[in-house]
Each structure stands twice: as structure tokens, then as C-alpha cells.
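Visitor: Here is the input, now give the coordinates:
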Amino acid sequence: MLLHEILVDAAREVPERTALIVPGHASWTFAELAAHARALAATVAARTSPGARVGILAFNRAEYVAAYYGVPWAGRVLVPLNPRLHPREWADQLARSGAELLFGDADLLDRLGRPEVPTLDLDTVASMPARAFAPAADESALTWLLFTSGTTGRPKGVRLTHRSLTAAMRASLACRPVGADTVVLTPFPLAHVAGYQVGAHHLARRPVVVLRRYEPAELAAVVREFEVTNLSLAPTMIDALLDHVREGDGLRERIRSISYGASPITPDLIRRVDELLGCGLDQGYGMTELSGNAVFLAAADHRPELYAAAGRPGPGVEIRIVDDAGRPVPTGDTGEISVRSEQVADGYWQLDTGEFADGWFRTGDLGRLDADGYVYVLDRKKDVIITGGENVSAREVEAVLREHPDVRDVAVVGEPDTRWGERVVAVVVAAPGASVAPDALVTLCRSRLAGFKVPRRVLFTDALPVTGTGKISKPALREQVAEGSLRA
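Guide: Numbering: from 1, shown residues only. This next block holds a predicted model:
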């Protein structure tokens, strides 16, 4: 299936149904969204060559979604640039992609300066004249070139296709059923792969509410006004939302489900969701290279014995756990998670680092697969700390530290050490009003973990650095540790 066919078919079947709401900005029906996307496609086709890359630099807005569909509709490749990055990073990604045109918000384009490519203000999209163009027709053609969040190094461009994106959308719909009255709200930046869920809900002919920015204190009003039933949030966002839940605000009565991903969720947060909202939770495990989520933990599976699981593979998704040589390991053993599916991306842009081979993608995540088919994600291979020749999983240490009632959040990183190679450092966010003694956390770890896994230093911060999708940025955290900017 071609990406724009989702929109064309929806506009034909339910033209007057609301497709997209950006509170305070726009509300478009499927017919209106299709018209905007078609106009943008025509403009792109007139100004660029077939297969050209077209950048977009903007905060969440309705025209961004029009570009999601419109640029691939014209047979071009959309290159979303994260508006939270530095202008030097925007320029680097534009140059690496070879973009021929750039759409954007006027203020962000001003910050970029004078790029090498022509620019168009997204505010002009509505006035673009209708022109004829030849629509895309190849499912294997590139649609989006998405740069990774760079949590483990320099961001890489990921080649997503019509086929990979629509496969990811179908997998999500199969594992997260959408009802006849479902209205989902997402605050994730449209520059990230999480935006694939917009297309998934449009495939189900349901509206999507896209926030320009996440303001948990204002969320209840948005939920009431637009009859939102489902939320898509990172655990850090859920935690912030629960601090603002108030009796009579309507959230408990209206929210039926919260889908989450990007990082693990704690048993305490699950308990708080149940107490304050009483809604279901479902988890998705995925990444840019998988065009979205590929593994899902259903609401019914949110029980204590499965809290540590990421879930089961979606339909059409094969998972195997492999050793460093790429050989499958026995069930239950730890190794690298490898995925084969139509939703696997077409590789990296102008880069071959070996992760894509024979239809399989090696994720860089360490994990295991149990006898019932549940996938457990243990850590990033690059987040494994090597101290004194022993491997320490940062995620394992974090899980123990989260058991302390006064720890709201925590991240563990390795710090260079002349004797041991690296030493384990825990960076803690204390619960509101709590005071956590480092010795108490060290004692807790010693009661659960081998001695070499116990943090040698415990530091404190008010907030952990995160990427646009809510993942903790370990490179940024290592920099903070090295700079000495955190509290002891």
C-alpha cells in the first residue's frame, strides 16, 4: 500500500469526518487534509526532481501532517528535522540528505540562516495553486528519511518506505485495536518515528489530536473539548500528567487507554495510573529502523510477572536473539534482539554498518525471548558498562534503584576510571519533597546485586536529559557527569 492511498481512500469514504486536530491551530476533515496534501505534493513535484529529498523544519502543526502524505505522494522523500536541535545539526542533516527544498516555520528558518537549499514557509501551503503531477506508484520507494535521535552517537538517516511504514501501521492496529469512537492524542514531535501512529489511526478512519507542545496541566481541557479516549505518551509524560490529575477534571471518566513506549515503566507508575485514572496501559517496543513499534504488551498482560516484558511480536514480525556472530541463542539466553518483518527499514542513508543483513535488523538491544514468546529488553549494547572486565547492565541497576520509594527516576552510566576502565554512576531524581541518602541507595543495590554492579557514585538532578520522544539521553547525561554539573 502507498502512504498517500490511506488519505485518498479515507477522503473518498468519510470526507466530512474529522481527521486531524491541532488545538488552537487547525481542525481538518479527511477531505481537507487530502486537499492540503495534494496541493503540497503538486508544489513539491514542480520544484524538485523525482526522488528528491525535501526537508521540513517545524514544530507540530497541521501542515506537517500534510507533508507526511504530500511529499511521498509526489514521489519525493520527506526529511523531518528535529526543531529541538542546534542549527548546525539542521544544516548537517540537510547537507547529508542532499535536500533540494525545505519547508518550515518562519522563525526556525530564520534561525537556520541561509541554507544551501530553497525554502518555503509552511504558512503558504494553503495558498499553493493546484497543479497536475505524477503520483508515486512503487511501494518499495522511499517515503521518509528519518534521522535517529542520536542516543548512542551521531544520528543516522533511516530509509523508510511506503511498505515499511504501512506494515508498521497495520501491526499497531492489530495489537492496539481502534474502536468506532476512538480519538487518540499524541504530543510526540512529528519529526520522530512516533508520528507513524497518525497514519495508523487514519488507516482506521479515526481522528488524531496532535499537540504543539506537551502541557500536562492543560491536558484535561483538551481531552474534554475533543472527546479524547486514548493517549500516547512516554512514561516521563505519564508521570508528569499524574501530578496534575484532579477530582472532577474528567480524565478518569474519558481516558480508556494509554499507550506508552520509549523507556520502561515502573510498577509504582502502573499503580498510580490505576489509582488516579483507572485506565488500561499497553506498551510498544520499536525504533526508527522498524518504522514504529514491532512488539506489544497488551493491557491484559500488565500483571506483575510480566512488568519487565516488552511484549510479543506483532503480526508478520519475527524476533530472534543472536550472539555477537549473529547465531541464534537458546530460548531464555541473553543476546542481541534481531527483527525480520516488512516494517524493517530499507537501511541507512549512504551508510552500511552491518545492522541490516538478509532481511534481518540487529537492533543493538540486549534481550531474551521466553518460552511463551515474550520479549524482554535488558539494555542497549552500548549502554553496557565494563568495569574491571565485568559487564554491568545499566538497566538492571536502574530497576533496583527504582524500588526505593523516594526515587522518582534514575539513570545509570559509566564514567571513565583509570583503574577499572569504567565505574558505575547513578544519577537520581528524588520524589517530590523527599530527601534520598546516597548510602541508602548503595545499601539497596548491595542487597540485590553483585558488588561490581553497585554504583560507585550517586549524583542528583532535578530532571534527566531526554530526547524528543522521551528517551533518556545517555550521551547528554555522560557529559553532565563529566562536567561535574550534577549534585553529589
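
Visitor: Go ahead and confirm residue 486 touches residue 458.
Guide: No - if you go by Cβ atoms under 8 Å, residue 486 and residue 458 don't touch, sitting 9.9 Å apart. Backbone N, C-alpha and C define where each C-beta goes, glycine included.

Visitor: Quick check on these two: which one has the bigger neighbour count.
Guide: Shown here are residue 486 and residue 458; by other Cβ atoms under 10 Å, residue 458 has more neighbours (24 against 17).

Visitor: where in the stretch 51-200 of the chain is pLDDT low?
Guide: Residue ranges of the stretch 51-200 of the chain with pLDDT under 70: 149-153.

Visitor: go with 80
Guide: 115, 126, 128-130, 149-154 (pLDDT under 80).

Visitor: what's the answer for the stretch 251-400 of the chain, then?
Guide: 262-264, 380, 382-383, 389-391.

Visitor: Please enumerate the helices of it.
Guide: 251-254, 267-276, 394-401 (DSSP state H, counting those that start in this stretch).

Visitor: Tell me which of the ones you listed lies nearest to residue 214.
Guide: Residue 214 lies closest, by Cβ to Cβ, to one member of the helices of the stretch 251-400 of the chain: helix 251-254, at 14.8 Å.

Visitor: Give me the mean pLDDT for the longest helix that the chain contains.
Guide: Counting residues, the longest helix in the chain under DSSP state H turns out to be helix 30-47. Taken as a whole, helix 30-47 has an average pLDDT of 96.

Visitor: which secondary structure elements does it contact?
Guide: helix 3-13, strand 18-22, helix 62-73, strand 101-104 (3 or more Cβ pairs under 8 Å, 6 or more residues apart in numbering; DSSP states H and E).

Visitor: Which one of the ones you listed lies nearest to residue 122?
Guide: That would be helix 62-73 among the helices and strands packed on helix 30-47, by Cβ to Cβ, at 4.4 Å.

Visitor: Between helix 3-13 and that closest one, find me the angle.
Guide: 120 degrees (axes from the mean of the first three to the mean of the last three Cα atoms, to 10 degrees).

Visitor: relative to helix 30-47, how tilted is helix 62-73?
Guide: 60 degrees.

Visitor: Check which helices and strands the following helix or strand past helix 62-73 sits against.
Guide: Counting by DSSP states H and E, the next helix or strand C-terminal to helix 62-73 is strand 77-81. For strand 77-81, the helices and strands in contact under the criterion 3+ Cβ pairs under 8 Å, 6+ apart are strand 53-57, helix 62-73, helix 87-97, strand 142-147.

Visitor: and these, which is most packed in?
Guide: helix 62-73 (a mean of 28; mean count of other Cβ atoms under 10 Å).

Visitor: Identify the residues contacting residue 6.
Guide: 69, 166, 169, 199, 202-203 (Cβ atoms under 8 Å, 6 or more residues apart in numbering).

Visitor: repeat that with 7 Å
Guide: 199, 202-203 (Cβ atoms under 7 Å, 6 or more residues apart in numbering).

Visitor: top of those by neighbour count?
Guide: In the contacts of residue 6, the most neighbours by other Cβ under 10 Å go to residue 202, 25 neighbours.

Visitor: so it sits right up against residue 7, yeah?
Guide: Yes - Residue 202 sits in contact with residue 7 when judged by Cβ atoms under 7 Å, with a separation of 6.4 Å.

Visitor: how near is residue 156 to residue 347?
Guide: In this view, residue 156 and residue 347 are 10 Å apart by Cβ to Cβ, to the nearest Å.

Visitor: for residue 134, same thing?
Guide: 26 Å.

Visitor: The two: which is more packed in?
Guide: Remark: of residue 134 and residue 347, residue 347 carries more neighbours, 18 against 9, as counted by other Cβ under 10 Å.

Visitor: No further queries at this time; thank you.
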